[in-house]
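# okay, sequence plus prediction incoming.
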Amino acid sequence: MSRHILLVAIAICLALPAGAQTAPMDCTVGPVIKTFGGSKWVVNSCSDGRTVVLMATNDSPAFPCFIKIEPLTEGYNINGRGKGDKQATNAAMDELAALSVADIEGMIDETKQLQKLK
C-alpha cells in the first residue's frame, strides 16, 4: 500500500508543469533506500535513464519532501519541495549537490539493478 502511494505521489509531482517537459515521466525504477543529510530517502530513477527522484521516508525529519535531480547540458539540477524540516532537507540537498555526475549515474545504476531482480 505505501509503495502504491509513493508511486502515485511521484507520478503526480512529475506531472506538474515543468518548462519544456511535455509529458509526465515514469519514475518507478527501483526503489533503493539511501541516506543523505542524515535522513533516509526512497530513491527511484526515471524512464529517461538520467533523472532521479527522492522521497523522504515517513520516519525522516525531512518528511514530507520530494527532491528531483535532473540532467542539464553539463551536470545536474537539484530541486526540492515539501513541508519537512528545512534543516534536514537542506542538509540532504547540500550532500546531493556535492555528488559527482559519476555518483549520480551510480545511484541510477543501483535502481536499475534492483529493478532487474524483480
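In hand now; what should we look at? Owing to the predicted nature of the structure, the values given are computational and were not obtained by experimental measurement.
# give me the neighbour count for the nearest residue to Val53 once chain neighbours are set aside.
Nearest non-adjacent residue to Val53, counting by C-beta to C-beta, 6 or more residues apart in numbering: Cys27, 4.7 Å away. Using the backbone N, CA and C atoms, a C-beta is placed for each residue, glycine as well. Cys27: 22 surrounding residues under other C-beta atoms under 10 Å.
# and the strands in this protein?
Residue ranges of the strands in the chain, as given by DSSP state E, are 29-36, 39-45, 52-56, 65-71, 76-82.
# need these in CSV with mean pLDDT and mean neighbour count, can you?
Output for these, formatted as CSV (pLDDT from 0 to 100; neighbours: other C-beta atoms under 10 Å):
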stretch, mean pLDDT, mean neighbour count
strand 29-36, 96, 19
strand 39-45, 97, 23
strand 52-56, 97, 26
strand 65-71, 96, 21
strand 76-82, 94, 15
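# closest one to Ser100 among these?
With C-beta to C-beta as the criterion, Ser100 lies closest to strand 76-82 of those, at 9.7 Å.
# the closest one to strand 65-71, inter-axis angle?
With axes from the mean of the first three to the mean of the last three C-alpha atoms, to 10 degrees as the basis, strand 76-82 and strand 65-71 are set at 160 degrees to each other.
# what's the longest helix in this structure?
The residue-count maximum for a helix in the chain (DSSP state H) belongs to helix 101-117.
# if I look at Ala15, what pLDDT would I see?
According to the prediction, Ala15 has pLDDT 45.
# can you offset everything so residue one is 34?
Got it, first residue is 34 now, which makes that one Ala48.
# for Asp142, find the nearest of the strands of the chain.
With respect to Asp142, and counting by C-beta to C-beta, the nearest of the strands of the chain is strand 72-78 at 8.6 Å.
# partner strands of the closest one, with direction?
Using DSSP bridges, the strands paired with strand 72-78 are strand 62-69 (antiparallel), strand 85-89 (antiparallel).
# got those strands as JSON lines, with distance to Cys79 columns?
Shown next, in JSON lines, are the strands paired with strand 72-78 (distance: least, C-beta to C-beta, whole Å):
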{"stretch": "strand 62-69", "distance to Cys79": "7"}
{"stretch": "strand 85-89", "distance to Cys79": "7"}
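# thanks a lot, catch you later.
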